[in-house]
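Q: return a 3D structure for these sequence lines:
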Amino acid sequence: MLQEAKLPTQAETEQKAEQEVRAGLSLQDAILYAQRLHRSQQLEGAETLYRRILAIAPGHPDVLHFLGLARFQRGYPDEAVESLRAAISQQPGYPDFHSNLGNIYMSEGRIEEALASYRKALELAPGRADFHNNLGALFRASGQLEAAEAEYQRAIKLDPEHFRAYNNLGMLAAARGDAEAAVRYYCQSITLTPGHPEGHKLLGLAYYQLGRLEEAAAVFRDWLQLDPGNPTAIHHLAACSGHDVPTRASDDYVEQTFDGFASSFEEQLQNRLSYRAPEHVATALQRCLPQSARQFDILDLGCGTGLCGPLVHPWAASLTGVDLSVGMLNKAEAKGCYDRLYKIELTDFLLKPEQQGSWGLILSADTLCYFGPLDAVAKAAHGALRPGGLLAFSVEDVAGKAAPAGHVLNPHGRYAHAEGYLRRCLAQADLDLLSIDSVTLRTEGGKPVPGWVIVGQRA
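A: Got it, this is the predicted structure:
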């Protein structure tokens with residue numbers, strides 16, 4: 001069933017939240033209920049209840065704090081900062097308020113403000129290992145690797161079982177090109193928390209960086225022993241072992257990966273990885289478009305946080321985005337340029353009867369790298385385009401790797417495609433190839449990731 005980004009039960013959730021408050025819940029019970037909604041990602045319902053509580057208890061610091069976190073998760077960082085600052089004004093001596101304000105600043109790339117918040121949190125609670133770990137992450141993001149290492153080591157000294165600090169030391173070692181040291185730190189993290197997914201994933205990817213694919217596969221097998229059915233472990237085991245390779249990444253894998261990545265997606269990719277896929281796709285499209293006059297119905301497949309939205313909005317009579325991650329859709333909604341957002345698998349959306357012949361432009365930046373064969377997507381896009389409509393998308397390049405079928409699942413978990421395959425795929429879908437450009441999509445491990453940007457047209 002087609003689902004908008006606002007979950008189908010949202011109106012019912014908000015109504016129930018209001019009824020609960022009117023029914024005379026105690027203040028503490030109302031806060032606990034709002035937190036349950038918050039933890040279950042029913043963010044609008046949680047916000048509704050937080051605001052109702054604040055109407056009864058203006059300036060309640062905990063509720064201002066939680067409201068700020070919810071606003072941030074929904075993609076409104078300025079409002080989140082305002083709410084956190086209001087909480088701090090009510091209770092300036094509570095260190096977690098300062099730390100979480102720092103986390104928001106960090107996710108927005110506001111390094112100096114984040115640093116001030118983290119230092120204030122540590123001034124109030126110098127023995128908190130998690131605060132030192134956060135400060136280490138800030139130093140790493142700003143290129144101060146020795147300072148970052150010192151903070152991670154302080155965190156471990158304060159809490160020898162702080163597995164996240166070991167993970168961060170592993171990532172720091174990987175950033176320095178010392179994959180062997182990264183493996184040691186990740187192993188320590190897993191020893192402390194065998195069931196935690198982050199350490200297993202990082203260790204497997206570290207072995208991949210060393211070219212030790214059998215050991216990488218063994219890590220993911222061990223992870224599946226601890227957590228049978230985990231979609232991330234299944235996907236990366238297939239990628240590293242070459243066995244049971246799926247035709248595309250599963251819906252569960254995509255949701256799990258990007259829901260967990262949503263809050264820091266843009267800062268991580270744009271600021272740290274020189275992520276340029278949306279700009280490349282938009283540039284290729286614009287070469288084929290007339291002067292912008294809000295004249296096209298545009299569909300953004302795998303819209304993520306909405307990075308393509310502002311780039312194509314001048315041509316949009318309407319702009320619709322689809323994605324599998326609610327966390328990503330919440331961020332896209334905050335961009336203010338999408339008319340409709342849907343949580344649905346993109347091929348399923350394209351094949352719906354009401355979508356046939358509906359779109360003047362369809363674009364997809366850095367999403368089809370989670371598909372192997374693209375034939376079904378290309379044919380579905382052809383059906384959803386109007387005559388003369390354009391399809392623009394990016395994928396990664398096989399870059400000389402063996403790919404007899406024209407595509408290959410790389411050990412890092414994304415598919416890459418060969419130029420010849422892409423040309424054949426469009427031709428078989430009755431799409432005329434207008435352009436195919438070799439580009440650098442981003443950097444990864446300090447190396448450029450080569451890719452293709454393709455524009456096709458329904459005749």
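Q: and the helix or strand where T283 lies, how far from the chain's centre?
A: Assessed by DSSP states H and E, T283 sits inside helix 277-286. Offset of helix 277-286 from its chain centre (CA atoms, centre = their mean, to the nearest Å): 20 Å.
Q: give the next helix or strand downstream of that helix.
A: Going down the chain from helix 277-286, the next helix or strand is strand 296-301, by DSSP H and E.
Q: so in that sheet, which strands flank that following strand, and in what orientation?
A: Sheet partners assigned to strand 296-301 using DSSP bridges are listed as strand 316-323 (parallel), strand 359-364 (parallel).
Q: who's in contact with it?
A: 289, 306, 308-309, 312, 315-322, 338, 346, 349-350, 358-364, 367, 384, 393 (CB atoms under 8 Å, 6 or more residues apart in numbering). Glycine gets a C-beta too; all of them are placed from N, C-alpha and C.
Q: element containing L391, please.
A: Going by DSSP H and E, L391 is in strand 385-397.
Q: neighbouring strands for the next helix or strand after that strand, and are they parallel or not?
A: Going down the chain from strand 385-397, the next helix or strand is strand 407-409, by DSSP H and E. Strand 407-409 pairs in its sheet with strand 415-417 (antiparallel), by DSSP bridges.
Q: for this structure, which spans come out with low pLDDT?
A: Filtered on pLDDT under 70, the chain yields the residue ranges 1-24, 261-273.
Q: coming back round to it: what's the most buried one of the strands paired with strand 296-301?
A: Neighbour counts (mean count of other CB atoms under 10 Å) averaged over each of the strands paired with strand 296-301 peak at strand 359-364, with a mean of 24.
Q: now the angle from that one to helix 277-286?
A: 150 degrees (axes from the mean of the first three to the mean of the last three CA atoms, to 10 degrees).
Q: between strand 385-397 and strand 359-364, find me the angle.
A: 10 degrees.
Q: domain assignment for this protein?
A: The chain breaks down into these domains under automatic domain parsing: 11-255, 265-458.
Q: now the helix holding T283: buried residues?
A: Using 16 or more other CB atoms under 10 Å as the test for burial, helix 277-286 gives A277, P278, E279, H280, V281, A282, A284, L285, Q286.
Q: what does it contact?
A: Counting by CB under 8 Å, 6+ apart, 307-308, 311-312, 361, 363-366, 390, 392-394, 435, 437, 439, 441-442, 451, 453-455 sit against helix 277-286.
Q: buried ones from those, can you make that a ChimeraX selection?
A: Burial among the contacts of helix 277-286 is assessed by 16+ other CB under 10 Å; the matching ChimeraX selection reads:
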select :307,308,311,312,361,363,364,365,366,390,392,393,394,439,441,442,451,453,454,455
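Q: tell me which stretches of the stretch 101-250 of the chain form helices.
A: 111-124, 129-141, 145-158, 163-175, 179-192, 197-209, 213-226, 231-241 (DSSP state H, counting those that start in this stretch).
Q: can you give me the end-to-end span of stretch 153-166?
A: 9 Å (CA to CA, to the nearest Å).
Q: which residues sit against that stretch?
A: Counting by CB under 8 Å, 6+ apart, 127-130, 132-133, 136, 152, 169, 185-186, 188-189, 192-193, 196, 198-199 sit against stretch 153-166.
Q: so how far is S142 from A392?
A: Distance check for A392 against S142: by CB to CB, to the nearest Å, it reads 35 Å.
Q: R184 now?
A: R184 is 25 Å from S142, by CB to CB.
Q: one more: L374?
A: According to CB to CB, L374 stands 39 Å off from S142.
Q: comparing these two, which residue is more hemmed in?
A: More neighbours surround L374 than the other of L374 and S142, with 25 against 16 (other CB atoms under 10 Å).
Q: who's in contact with the nearest residue to the more buried one once chain neighbours are set aside?
A: Once flanking residues are discounted, L374 sits nearest to C425: 5.0 Å by CB to CB, 6 or more residues apart in numbering. C425 makes contacts with L374, D375, A378, G406, as judged by CB under 8 Å, 6+ apart.
Q: mind doing that once more with 6 Å?
A: For C425, the contacting residues are L374, D375, A378, by CB atoms under 6 Å, 6 or more residues apart in numbering.
Q: quick one, phi/psi of it?
A: The phi/psi pair for C425 (degrees, to the nearest 10) reads phi -60, psi -40.
Q: check Q457 too.
A: Dihedral pair for Q457: phi -140, psi 140, per degrees, to the nearest 10.
Q: quick check: it touching L390?
A: Yes: with contact defined as CB atoms under 6 Å, Q457 and L390 form a contacting pair (5.4 Å).
Q: so for stretch 400-411, what gets flagged as buried?
A: For stretch 400-411, using 16+ other CB under 10 Å, the buried residues are A403, G406, H407, V408, L409, N410, P411.
Q: for the last one, list the residues it contacts.
A: I take that to be P411. By CB under 6 Å, 6+ apart, the contact list for P411 reads Y208, A239, C240.
Q: now, among the residues you listed, which is nearest to K447?
A: Checking those against K447 by CB to CB gives Y208 as the nearest, at 13.6 Å.
Q: leaving out chain neighbours, which residue sits closest to the closest one?
A: P411 (4.3 Å).
Q: same thing with Q90?
A: Take Q90 and drop its neighbours on the chain: the residue closest to it by CB to CB, 6+ apart is P61, 4.0 Å away.
Q: near that neighbour, how many other residues are there?
A: Neighbour count for P61, taken as other CB under 10 Å: 17.
Q: same thing with the one 5 residues further on?
A: Burial of F66, expressed as a neighbour count using other CB under 10 Å, amounts to 23.
Q: going toward the C-terminus from the host helix or strand of it, what's the next helix or strand?
A: Taking DSSP H and E as the definition, one finds F66 inside helix 61-73. The C-terminal neighbour of helix 61-73 among helices and strands, as given by DSSP H and E, is helix 77-90.
Q: which strands and helices lie in contact with that next one?
A: helix 61-73, helix 95-107 (3 or more CB pairs under 6 Å, 6 or more residues apart in numbering; DSSP states H and E).
Q: could I get the strands paired with strand 296-301 as a markdown table with distance to N330?
A: Formatted as a markdown table, those follow (distance: least, CB to CB, whole Å):
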| stretch | distance to N330 |
| --- | --- |
| strand 316-323 | 10 |
| strand 359-364 | 20 |
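Q: closest to H98 out of the ones you listed?
A: H98 lies closest, by CB to CB, to one member of these: strand 316-323, at 32.9 Å.
Q: I'd like the next helix or strand past that closest one.
A: Next along from strand 316-323, by DSSP H and E: helix 326-335.
Q: what's the angle between that following helix and helix 61-73?
A: Calculated by the same axes, to 10 degrees, helix 326-335 forms an angle of 90 degrees with helix 61-73.
Q: how far is helix 326-335 from where the chain is centred?
A: Distance, stretch centre to chain centre, for helix 326-335: 10 Å (CA atoms, centre = their mean).
Q: likewise for stretch 194-207?
A: The answer for stretch 194-207 is 18 Å, by CA atoms, centre = their mean.
Q: send over that stretch as PDB, restricted to the C-alpha atoms.
A: The C-alpha trace of stretch 194-207 is given here as PDB (Å, rounded to 0.1, in the frame of the first residue of the first chain):
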ATOM      1  CA  PRO A 194      29.500  -9.200  21.000                       C
ATOM      2  CA  GLY A 195      25.900  -8.500  20.000                       C
ATOM      3  CA  HIS A 196      26.400  -4.900  18.900                       C
ATOM      4  CA  PRO A 197      26.100  -4.500  15.100                       C
ATOM      5  CA  GLU A 198      28.400  -1.500  14.700                       C
ATOM      6  CA  GLY A 199      31.600  -3.300  15.600                       C
ATOM      7  CA  HIS A 200      30.900  -6.300  13.400                       C
ATOM      8  CA  LYS A 201      30.200  -4.100  10.400                       C
ATOM      9  CA  LEU A 202      33.300  -2.000  10.900                       C
ATOM     10  CA  LEU A 203      35.500  -5.000  11.400                       C
ATOM     11  CA  GLY A 204      34.200  -6.700   8.300                       C
ATOM     12  CA  LEU A 205      34.800  -3.500   6.200                       C
ATOM     13  CA  ALA A 206      38.300  -3.200   7.700                       C
ATOM     14  CA  TYR A 207      39.100  -6.700   6.600                       C
END
